[in-house]
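Peer 1: kindly return the folded structure for what I paste below:
(chains A, B, C and D)
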Protein chains: 2
Amino acid sequence: MTATTEGELLPQPAAAEIELVKVLHALGDPVRLQLFQVYAAGGEYDCSSERLGVMHLHKSTVSHHMKVMREAGITSTRAAGRVRYVQLRRADLDARFPGLVAALLAARE
Amino acid sequence: MTATTEGELLPQPAAAEIELVKVLHALGDPVRLQLFQVYAAGGEYDCSSERLGVMHLHKSTVSHHMKVMREAGITSTRAAGRVRYVQLRRADLDARFPGLVAALLAARE
DNA sequence: CAAATGGTTTGACATCCATCAAACAATCCA
DNA sequence: TGGATTGTTTGATGGATGTCAAACCATTTG
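Peer 2: Predicted coordinates:
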């Protein structure tokens, strides 16, 4: 297996089971909103706090926030070796809440 | 004074000072999301829990939620006599976060 | 004035939550 | 194999939060 997109998908809610109130609750935190805006640029991200802009936080705290976002259905996580690759579930979010992600990104302050 | 739109405006953040993360935090609660959806239908609402669909909550709890929403900049409240008239700050929210309210309403589950 | 009305404030309480630290687990590398 | 890398998990802790109840306040009404 030499593919660059290997790895096991961590448990996450099905697209149809993503709940708006849980998404809003997850994004109603400054750290997670920051992560969301980084992820929204597209592509996959490991947990390095420099790239994510959360250098001031302990790694366990970052891990906690990523778990919250994954369980809310905002992100999907692929475990490949030691690394976790996280990305926004853009298509699922757009299908379930049309225009929401776009509006949140347009709202950058 | 016989006008139907009398009353003193309760303190609220200026339109430009409405923060996305605070709006999302406020809406990330099932009760407040419910209130938001009621308000979004348009018009003014007093605090009667029947019209708001929160009959199961104590009046002080409803009052608390309305304060949170007002301080987040989601609603504005006008005090006329004994009654508080609450409405969505639709224009301010649309100006600050274009498409957000529409997307949240379209997402009704 | 007294009572009713509509809502706020304060206090109490239980729960949730963000954070850190330390231990743990899995993987990669020398 | 042993150490380094990349996170996760668990426990502790302080602070925020949702809820109710009771007291309070302003307004209206009898």
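Peer 1: beta-bridge partners for the residue sitting nearest the centre point of chain A, please?
Peer 2: Residue closest to the average C-alpha location in chain A (Cα atoms, centre = their mean): A:Thr75, at 3.2 Å. Beta-bridge partners for A:Thr75, by DSSP bridges, are A:Leu88.
Peer 1: would you map the helices across chain A?
Peer 2: Along chain A, counting by DSSP state H, helices occupy A:20-27, A:30-39, A:49-52, A:59-72, A:90-96, A:100-106.
Peer 1: how far is the first one from where the chain is centred?
Peer 2: So that's helix A:20-27. In terms of Cα atoms, centre = their mean, to the nearest Å, the centre of helix A:20-27 is found 12 Å from the chain centre.
Peer 1: what residues does it touch?
Peer 2: Here helix A:20-27 makes contact (Cβ atoms under 8 Å, 6 or more residues apart in numbering or on different chains) with A:32-33, A:36, A:68-69, A:71-74, A:93, A:97, A:100, A:104, B:21, B:24-25, B:27-30, B:33, B:104, B:107, B:109. In short, each C-beta sits where N, CA and C put it, glycine included.
Peer 1: tilt between it and helix A:59-72?
Peer 2: Orientation check (axes from the mean of the first three to the mean of the last three Cα atoms, to 10 degrees): helix A:20-27 against helix A:59-72 gives 160 degrees.
Peer 1: report whether helix A:20-27 contacts DNA strand C.
Peer 2: Yes. Using Cβ under 7 Å from any atom of the strand, helix A:20-27 comes into contact with DNA strand C via A:His25.
Peer 1: quick check, that helix touching DNA strand D?
Peer 2: No. Applying Cβ under 7 Å from any atom of the strand, one finds helix A:20-27 out of contact with DNA strand D, separated by at least 8.6 Å.
Peer 1: and the angle for that helix with helix A:30-39?
Peer 2: 100 degrees.
Peer 1: can you pull the contacts of A:Val31?
Peer 2: Per Cβ under 8 Å, 6+ apart, neighbours of A:Val31: A:54, A:57, A:61, A:65.
Peer 1: of these, which is the most crowded?
Peer 2: Ranked by the number of neighbours (other Cβ atoms under 10 Å in any protein chain shown), the contacts of A:Val31 place A:Val54 first, at 21 neighbours.
Peer 1: could I get the contacting residues of that one?
Peer 2: A:31, A:34-35, A:62 are the contacts of A:Val54 under Cβ under 8 Å, 6+ apart.
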